[in-house]
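**Student:** sequence? don't have it. structure:
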Ligand SMILES: *[C@@H]1O[C@H](CO)[C@@H](O)[C@H](O)[C@H]1NC(C)=O
């Protein structure tokens, strides 16, 4: 009986661990000594207000050819977030700018439109699209791991703030992950029905 109870308890712990995003903190805070070593905390006696504030998103980041710029504020750039299970991103769009289809493997995202009009959506695992135009002040949730995308449909610039339930949500941009990586050419040609010239063009475009 005791054995069965303990097996059940162990199972429960695994289920809870599998449901949670990042692990729960075990200290007030743990300012990572470096982004490469998030397991070692800076001595808490040496922490200052500067460890808990971040000034890096007052302005947009560098715009890409797609008319889009994003600045991720995760534990890599803001060590004060370490162990706290949250992070965010500022994203800016030129008129017509796009945020290419992408997903975050480790987090759900809630995006708030600070400025502009943005067609915004995600695709679920049945390939059903949920999308609409969001206006300033509106919010959309992108469930964890779901492919999502955005397009500025307004006649001015647009800005969003996305928040994540992970200190390090991860980012997989589909065009880059597929065509900008070292996946065997033969496989990509067969997968997408492309000839070598067409594929070479895409590889050139999306290799960083
Ligand atoms: C943290 O800093 C305090 C104050 O300088 C010091 O007394 C303490 O020993 C330090 N703790 C560790 C683990 O280094």
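**Tutor:** Yes, it's here. Source: prediction; values computed, not measured. Numbers count the residues shown, from 1 in each chain.

**Student:** what's the burial count for residue 138?
**Tutor:** 14 (other CB atoms under 10 Å). Just so you know, the C-beta spots here come from the backbone N, C-alpha and C atoms, and that holds for glycine as well.

**Student:** my guess is it contacts residue 111, does it?
**Tutor:** No: if you go by CB atoms under 8 Å, residue 138 and residue 111 don't touch, sitting 9.2 Å apart.

**Student:** Excluding chain neighbours, what is closest to residue 153?
**Tutor:** Nearest non-adjacent residue to residue 153, counting by CB to CB, 6 or more residues apart in numbering: residue 119, 4.9 Å away.

**Student:** What of residue 150?
**Tutor:** That would be residue 99: by CB to CB, 6+ apart, it lies 4.1 Å from residue 150.

**Student:** got the contact list for residue 172?
**Tutor:** Residue 172 is in contact with 102-105, counting by CB atoms under 8 Å, 6 or more residues apart in numbering.

**Student:** can you list these in JSON lines and add neighbour count?
**Tutor:** Below are those laid out as JSON lines (neighbours: other CB atoms under 10 Å):
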{"residue": "102", "neighbour count": "18"}
{"residue": "103", "neighbour count": "23"}
{"residue": "104", "neighbour count": "23"}
{"residue": "105", "neighbour count": "11"}
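
**Student:** Now, the residues you listed that are in strands?
**Tutor:** Members of the contacts of residue 172 lying in strands (criterion: DSSP state E): 102-103.

**Student:** hmm, which two among the contacts of residue 172 are most spread apart?
**Tutor:** Greatest spatial distance in the contacts of residue 172: 102 and 105, 10.4 Å, computed using CB to CB.

**Student:** Residues touching stretch 125-132, excluding its own?
**Tutor:** Around stretch 125-132, the neighbours that count as contacts under CB under 8 Å, 6+ apart are 119-124.

**Student:** Repeat the analysis, applying 7 Å as the threshold.
**Tutor:** Contacts with stretch 125-132, where a contact means CB atoms under 7 Å, 6 or more residues apart in numbering, come from 119-123.

**Student:** related to what we said a few turns ago, reduced to three states, what does the residue nearest to residue 150 come out as?
**Tutor:** Three-state call for residue 99 (DSSP: H, G, I helix; E, B strand; the rest coil): strand.

**Student:** From residue 153, how far off is the spatially most central residue of the chain?
**Tutor:** Taking CA atoms, centre = their mean, the centroid of the chain lies closest to residue 104, which sits 4.2 Å from it. Using CB to CB, to the nearest Å, residue 104 is found at 23 Å from residue 153.
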